[in-house]
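**Student:** fold the stuff below for me.
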Amino acid sequence: MGKKKPVSILKRSVATSEKVSSSQSGVHKRKKQAAITDQAQVLPQDPPQKKHKATGAPHARDGSASASWHAASVVDRQAASAIAKLLHADATGMGGASLKSLTLGPTIQAKKATYAVTCETLRMLPVLRVLVTSSGLLRHDPRLSQETAFVLCYELLFGEGLRQKGPAERLVLSARQVLNQQLAAMTAEAGVADVRDLIRESSQSAAAQQRPRSARVNTLKMSVAEALSWLRTPKGKASTTAAELGQQVTVDDLLPDVLLFPPASDLHDHPLVKSSCLILQSKASCMPAHALAPQPGWDVLDACAAPGNKTTHLAALMQGRGRVLAFDKDARRLQRLEANAAATGADCITARLADFLQLPLSTSPEFRNVKGALVDPSCSGSGTTLSRMDYLLPSHTSQRSAGSAAEPQSSPPEPGITGAGQSAEAGEDTVSAPGRGENSSDAQLVPQLHGGIESKGEGTEQPPRAEQVQEEQSSSQGRRSEEDRLERLARFQEAAVRHALTLPALQRLVYSTCSVHERENEAVVAAVLPHARKLGFDLVDPFPAWLRRGVPGSVEGAEKLVRTDAVEDGTDGFFLAVFQRKKGMS
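**Tutor:** Predicted coordinates for the structure are as follows:
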């Protein structure tokens, strides 16, 4: 028996299978499905409208009726906008933002509802894409965008229904019967009772749901003991839910200022978070500052600092005494760093707009007393796919479908431009879109939902279709482009570490990334280590109790390098290396 075709060619495969498989059992079932598919070809036409104004559709700026339709509900409208941006970034590797920043940002109304609808629509996207395509919704009226169609179909079929009625909702409602028939055919063919059983849940998704929520105590405002006391016995108008949450909090066994909350704990509106006494930051993101271990009174340099969670952590470990010189070349992100410093009470931070590689570190009096340096430059962000919830996006789901390697692939940002590696510490900032697998069709996630044409015989090799050849060529070009960008990133990272090592009074340097790629991690250390040793530095182990280490054989001293695993360690995938100047060397 030949393999069944993906559901993305539902109509063609069903129609053809009627011709070539009519003698087999189950033919009546396929005929019924073909009839259902025929119904999906054309949606009921809306009654003629005398005036466009009567439909409620928005007009374009020039007064015409060609503007796109938007969802009537603000939640659905915001969810569709977020999905449009996420899918664009996922497909192009450009212009991305994280799911959380798009649904929980300060300008978003009804944040929790918007976040939930966006997540669930993305989770059901493989099924929704098939339904929207096969029903002909988008062909019926070009003013309905695919993202709006996805959200409204989710709400109609799996959510709380379509309570507000605009032109987009009316169009989707007119297709209700067709959509339900298609849905029934899909589940019947797959032999499942619930359409959600068609969605393969990845190990990443399961790990994300089990991961504890971490937060750092801002010791500039509150001690860990005070934070625990407040959490367990909330003050003022805090709810009983906050009190119950506080009873479940624990202190991390490696980092004494990091608290662990139950998985999926929503802390955004917690009083301690709003007052910047608690900083929402992953455990892995808190490790670099502890690895540097700056002492009160030191001058410390943060090379690529924005948005500033690690910077303010350095200030807290220094008890606000000394100087933290923070640099970033992006003005907008530097403003956020300054706002974070003010909110956390980190008055010892001096933030400057500058390209770190152009700073006169070895000659300027400003840097002559710097003893510690944190180099956490732009990186691929490939270790933060769970925090960013990238596993919900098509490129990641298609990789699972095609049996891709477990290591997540991300399209790196350009070197020197702040990208995923710099924003992952907050979990709600700009991200680079993940790389695409060889099979990028969402339909691959819905296995064998409809019968396909049988093969002509065992071992018969079918000639590749034109679209298959184009996909393979595009995939190959994408991999080469990704490798090229990864190489450019790594060269920038090497240059940043080398430059930081020129600080005349430097005693300790931490290099960190939120990447899983050896090229950005051990290979960077291997490239700069000979130069560092000439200057009197060597690798040291910042966390002797930590078990996960650098890739064996990748570089001399790999056992002193630290890695975290996004699935197994309950935090983001991270890497860090510590260079310590030998005593008597300067």
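**Student:** kindly report the domain assignment for the chain.
**Tutor:** 7-44+69-198, 206-284, 287-381+487-581 (automatic domain parsing).
**Student:** where are the low-confidence patches of the chain?
**Tutor:** Filtered on pLDDT under 70, the chain yields the residue ranges 1-67, 93-96, 198, 200-209, 236-241, 388-480, 585-586.
**Student:** please redo it, this time with the cut-off set to 80
**Tutor:** 1-68, 90-98, 190-210, 235-244, 264, 385-482, 584-586 (pLDDT under 80).
**Student:** what segments of it are strands?
**Tutor:** 213-217, 250-251, 258-261, 278-280, 299-302, 323-328, 349-353, 370-375, 508-513, 537-540, 562-564, 574-581 (DSSP state E).
**Student:** so which of those is nearest Cys153?
**Tutor:** strand 213-217 (31.3 Å; Cβ to Cβ). Using the backbone N, CA and C atoms, a C-beta is placed for each residue, glycine as well.
**Student:** and the closest one, which strands flank it?
**Tutor:** strand 258-261 (antiparallel), strand 278-280 (antiparallel) (DSSP bridges).
**Student:** let's have those in TSV, adding mean neighbour count and distance to Glu120.
**Tutor:** Output for those, formatted as TSV (neighbours: other Cβ atoms under 10 Å; distance: least, Cβ to Cβ, whole Å):
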stretch	mean neighbour count	distance to Glu120
strand 258-261	23	23
strand 278-280	22	23
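**Student:** dump these to a markdown table, plus distance to Leu501.
**Tutor:** Formatted as a markdown table, those follow (distance: least, Cβ to Cβ, whole Å):
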| stretch | distance to Leu501 |
| --- | --- |
| strand 258-261 | 29 |
| strand 278-280 | 29 |
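**Student:** so which of the ones you listed comes closest to Met222?
**Tutor:** Of all these, strand 278-280 comes closest under Cβ to Cβ, at 8.3 Å.
**Student:** so what touches the closest one?
**Tutor:** With contact meaning Cβ atoms under 8 Å, 6 or more residues apart in numbering, strand 278-280 is reached by 215-218, 227, 259, 267-268, 270, 272-273, 309, 312-313, 344, 426-427.
**Student:** which of those residues are buried?
**Tutor:** 215-218, 227, 259, 267, 270, 272, 309, 312-313, 344, 426-427 (16 or more other Cβ atoms under 10 Å).
**Student:** out of the residues you listed, name the ones that lie in helices.
**Tutor:** 227, 272, 309, 312-313, 344 (DSSP state H).
**Student:** nearest to Pro530 among these?
**Tutor:** His313 (30.7 Å).
**Student:** not counting sequence-adjacent ones, nearest residue to the closest one?
**Tutor:** In space, and not counting its chain neighbours, His313 is closest to Ala289: 4.0 Å by Cβ to Cβ, 6 or more residues apart in numbering.
**Student:** surely that neighbour is in contact with Thr312?
**Tutor:** No. At 9.1 Å, Ala289 does not count as touching Thr312 under the criterion of Cβ atoms under 8 Å.
**Student:** give me every residue that touches Trp230.
**Tutor:** Going by Cβ under 8 Å, 6+ apart, the list of residues near Trp230 reads 222, 246, 272, 277.
**Student:** next one: it from Gln319, what distance?
**Tutor:** 20 Å (Cβ to Cβ, to the nearest Å).
**Student:** neighbours of Arg176, how many?
**Tutor:** 14 (other Cβ atoms under 10 Å).
**Student:** please apply the same query to Phe367.
**Tutor:** Per other Cβ under 10 Å, the neighbour tally for Phe367 reads 20.
**Student:** wait, doesn't it sit right on Phe356?
**Tutor:** No. In this structure Phe367 lies outside contact range of Phe356 using Cβ under 8 Å: 11.4 Å.
**Student:** coming back round to it: which ones are touching the residue nearest to His313?
**Tutor:** Contacts of Ala289 by Cβ under 8 Å, 6+ apart are 310, 313-314, 317, 374.
**Student:** ranking the residues you listed by neighbours, who comes first?
**Tutor:** His313 (33 neighbours).
**Student:** need the winner for burial among the domains of the chain.
**Tutor:** Ranked by mean neighbour count under mean count of other Cβ atoms under 10 Å, these are led by domain 287-381+487-581, which reaches a mean of 20.
**Student:** now do the contacts for the nearest residue to Leu561 once chain neighbours are set aside.
**Tutor:** Closest residue to Leu561 apart from its sequence neighbours, by Cβ to Cβ, 6+ apart: Gly550 at 3.1 Å. The neighbours of Gly550, taking Cβ under 8 Å, 6+ apart as the test, are 521-522, 525, 558-563, 575, 577.
**Student:** so Ala523 sits against Arg491, correct?
**Tutor:** No. Counting by Cβ under 8 Å, Ala523 does not reach Arg491; the two are 10.5 Å apart.
**Student:** bridging residues for the nearest residue to Ala532 once chain neighbours are set aside?
**Tutor:** Among residues not flanking Ala532 along the chain, Phe579 sits closest, at 5.3 Å (Cβ to Cβ, 6+ apart). Judged by DSSP bridges, the bridge partners of Phe579 are Leu509, Leu539.
**Student:** show me the contacts for the nearest residue to Tyr115 once chain neighbours are set aside.
**Tutor:** With sequence-adjacent residues excluded and distances taken as Cβ to Cβ, 6+ apart, Tyr115 is closest to Thr103, at 4.1 Å. By Cβ under 8 Å, 6+ apart, Thr103 lies in contact with 78-79, 82, 111, 114-115, 118.
**Student:** just those residues: which are in helices?
**Tutor:** 78-79, 82, 111, 114-115, 118.
**Student:** let me have those in a markdown table, extended by distance to Ser380.
**Tutor:** Compiled in a markdown table, these are given as follows (distance: Cβ to Cβ, whole Å):
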| residue | distance to Ser380 |
| --- | --- |
| Gln78 | 29 |
| Ala79 | 28 |
| Ala82 | 23 |
| Lys111 | 29 |
| Thr114 | 28 |
| Tyr115 | 25 |
| Thr118 | 24 |
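**Student:** gap between the closest residue to Gly383 other than its chain neighbours and Ser285?
**Tutor:** Spatially, and ignoring its direct neighbours in sequence, Gly383 is nearest to Gly573 (2.5 Å; Cβ to Cβ, 6+ apart). Gly573 sits 11 Å away from Ser285, going by Cβ to Cβ.
**Student:** so what sits against both of those two?
**Tutor:** Common neighbours of Gly573 and Ser285 (Cβ under 8 Å, 6+ apart) are Cys514.
**Student:** which residues touch stretch 113-122?
**Tutor:** With contacts defined as Cβ under 8 Å, 6+ apart, stretch 113-122 is touched by 75-76, 78-79, 82-83, 86, 99-100, 102-104, 108, 128, 150-151, 154-155, 158-159, 389, 392-393.
**Student:** if we go to 6 Å?
**Tutor:** Here stretch 113-122 makes contact (Cβ atoms under 6 Å, 6 or more residues apart in numbering) with 75, 78-79, 82, 103-104, 108, 150-151, 154, 392.
**Student:** nearest to Arg336, of those?
**Tutor:** Leu104 (15.5 Å).
**Student:** picking that back up, got a markdown table for the contacts of Ala289, with distance to Glu189 too?
**Tutor:** Listed next are these as a markdown table, based on distance: Cβ to Cβ, whole Å:
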| residue | distance to Glu189 |
| --- | --- |
| Lys310 | 51 |
| His313 | 53 |
| Leu314 | 57 |
| Leu317 | 59 |
| Leu374 | 55 |
